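Enquirer: Fold the following.
(one chain, ligands or ions: 1)
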Amino acid sequence: MDFKYGKLIMKSNDLMRDIESKSAQVVIGSPPYSGNMNQTSKNSKGCFLNLMKGVIFNGHQILSDSGVFINISTDERVNGSLWQKSNDIAFLAQELGFTLIDHIIWSRTKVSLFRVPFSHIMIFKKGKTITPSPSKELSRTFLEKIWHIPDSQIRKDSLGLKFTGALNPKVAELLISRYSKPGDLVVNPFVGSGTIIAQAESLRRKWIGYEINRDLLPLIKETMGRVVIKTSNTVE
Ligand SMILES: C[S@@+](CC[C@H](N)C(=O)[O-])C[C@H]1O[C@@H](n2cnc3c(N)ncnc32)[C@H](O)[C@@H]1O
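Expert: Predicted coordinates for the structure are as follows:
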């Protein structure tokens, strides 16, 4: 489905491999909870890491040399113990040729028994070594390593099921505007309710988004219907 700046593909993000090599500036996404991936699998961790391996590998191929891979994920409790899945993703990314250049804790919900109340925002650059950017280039926001930004309201998919994984649009806006310019290509492997692609559209980035769950299409259309195209690239 085509929009002014981008394209929504209601299929698996395996298809990222079809994007031209080195054409993207940002690959950004928040992967699903491992328990939501495959109801019949006993090895939800293994399935999850396989999925991430493909996304990180394809992300590496399609990113330009100055591009960034941004992963936003929440650790999980599996069989009662805490699985620090963000760490596993960071190790995978480093094995596949990325270097972690920034790590922000996003404090997003109140403490609950069922959900870890913060997410890890990890930013990776291609290559084994990096040249640190001068600190004057970093905005105040990016020097703050803990972001206190509330979660978005819970919405429902076309079956009436609650969709709980949506990002606050502010988080997507801050990251996209920091790491890309209008006209750059932003790729979102996990569209969900459409928060990231809506911000990419609003900030006039070219974008490609993938979502495997067709029941989310009405929700995504609703999110895209609210997009207002911004004429400046500044974020308050
Ligand atoms: C945590 S949600 C993303 C939420 C999104 N950031 C938002 O703000 O709404 C993860 C999404 O990835 C989708 N997904 C899981 N595996 C996928 C795959 N292989 N290809 C494309 N989408 C996938 C799920 O259906 C789910 O909607």
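
Enquirer: Contacts for stretch 43-55, please.
Expert: Contact partners of stretch 43-55, identified using CB atoms under 8 Å, 6 or more residues apart in numbering, comprise 13-14, 16, 27, 29, 31-32, 34-35, 37-38, 41, 78, 83, 85, 88-89, 92, 96, 189. All C-beta spots, glycine's among them, are computed from the backbone N, C-alpha and C.

Enquirer: any idea how far it is from the chain center?
Expert: Mean-position distance between stretch 43-55 and its chain equals 16 Å (CA atoms, centre = their mean, to the nearest Å).

Enquirer: Then stretch 88-101?
Expert: 15 Å.

Enquirer: and what of stretch 167-181?
Expert: Using CA atoms, centre = their mean, the offset of stretch 167-181 from its chain centre is 10 Å.

Enquirer: what about it and the ligand, any contact?
Expert: Yes. Using CB under 6 Å from any ligand atom, we find that stretch 167-181 touches the ligand at residue 167.

Enquirer: Alpha carbons only: can I get that stretch in CSV?
Expert: C-alpha atoms of stretch 167-181 as CSV (Å, rounded to 0.1, in the frame of the first residue of the first chain):
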residue,chain,number,x,y,z
LEU,A,167,5.4,3.3,21.1
ASN,A,168,4.8,6.8,22.1
PRO,A,169,5.1,8.7,18.8
LYS,A,170,7.5,11.2,20.5
VAL,A,171,10.1,8.4,20.9
ALA,A,172,9.9,7.6,17.2
GLU,A,173,10.0,11.2,16.2
LEU,A,174,13.1,11.9,18.4
LEU,A,175,15.0,9.0,17.0
ILE,A,176,14.1,9.5,13.3
SER,A,177,14.8,13.2,13.4
ARG,A,178,18.2,12.6,15.2
TYR,A,179,19.5,10.0,12.8
SER,A,180,18.1,11.0,9.4
LYS,A,181,17.2,13.9,7.1
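
Enquirer: Go through it and flag the buried ones.
Expert: 167-180 (16 or more other CB atoms under 10 Å).

Enquirer: closest to the ligand among the residues you listed?
Expert: Here the nearest of the buried residues of stretch 167-181 to the ligand, counting by CB to the nearest ligand atom, is residue 167; it sits at 3.9 Å.
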